[in-house]
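Visitor: sharing a sequence plus its predicted fold:
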Amino acid sequence: PSRLVWAKDEAARAAATSAIAQAAPTLFALTIPTMNEGQDDPLAVFRAGFALTYGAELRAERAQRSDSIVDSDPDRYRRFGDALLAPVVASRGDRPAALRRWRKRQRKGKMLTLIRLMKASATFAGGADYLVWKINRHAGTDIALTPWQRRWPLMAAVTLLPRLLKRGAIR
């Protein structure tokens, strides 16, 4: 669910409302062509779509996180999905091409996440500690930063990131 709390003007309100209204149709249009089966089940489409979008970021959450979103309110997702299925399934598209587009989104998304994390760790006081806290909380790890890593978070990331990826703490 979403709610627009404030908008600069009516044009901004209309743009935000339009973007939110297009979120689910866009997710279905980008997800259904990647699926071998389950295209007629809106919950399966939402689960697959959320898994693809989570895969387009560096995430510390467990792999089942995208399922838990749908499971939190399946009736809502079924209602939305039922309204979207027929037109999207009819224009299913080419699966290999759709998968290539998602792999490209995933590479770009992970790179953008890295850039945002680097900026945050260097911009905010305690930024590196916050990132480590988040990874520990979501991935069940017990990372502890040394004083050197706190002082030089970008250089520390060069050694920490490969270890976190290898251990599966982030994906």
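Guide: Looks like it came in fine.
Visitor: hey, let's count contacts and neighbours off CA atoms from now on
Guide: Will do.
Visitor: quick check: which element contains Ala48?
Guide: helix 42-54 (DSSP states H and E).
Visitor: in the chain, which spans are helices?
Guide: Ranges of helices in the chain, per DSSP state H, are 10-31, 42-54, 65-72, 74-90, 95-123, 127-139, 147-151, 153-167.
Visitor: now the longest one against helix 10-31, angle please.
Guide: Computed with axes from the mean of the first three to the mean of the last three Cα atoms, to 10 degrees, the direction of helix 95-123 lies at 130 degrees from that of helix 10-31.
Visitor: would you mind pulling up the elements that helix 95-123 packs against?
Guide: With contacts defined as 3 or more Cα pairs under 8 Å, 6 or more residues apart in numbering; DSSP states H and E, helix 95-123 has these neighbours: helix 127-139, helix 153-167.
Visitor: which of those helices sits most buried?
Guide: Of all these, helix 127-139 carries the top mean neighbour count, a mean of 17, counting by mean count of other Cα atoms under 10 Å.
Visitor: give me the helices and strands touching it, please.
Guide: Packed against helix 127-139 by the contact rule (3+ Cα pairs under 8 Å, 6+ apart) you find helix 95-123.
Visitor: how about the residue nearest to the spatial centre of the chain, nearest residue that isn't a chain neighbour?
Guide: Taking Cα atoms, centre = their mean, the centroid of the chain lies closest to Tyr54, which sits 3.1 Å from it. Among residues not flanking Tyr54 along the chain, Ser66 sits closest, at 7.3 Å (Cα to Cα, 6 or more residues apart in numbering).
Visitor: state the pLDDT value of that neighbour.
Guide: You'll see Ser66 listed with a pLDDT of 74.
Visitor: where does this structure dip in pLDDT?
Guide: 58-63, 86-92, 122, 124, 169, 171 (pLDDT under 70).
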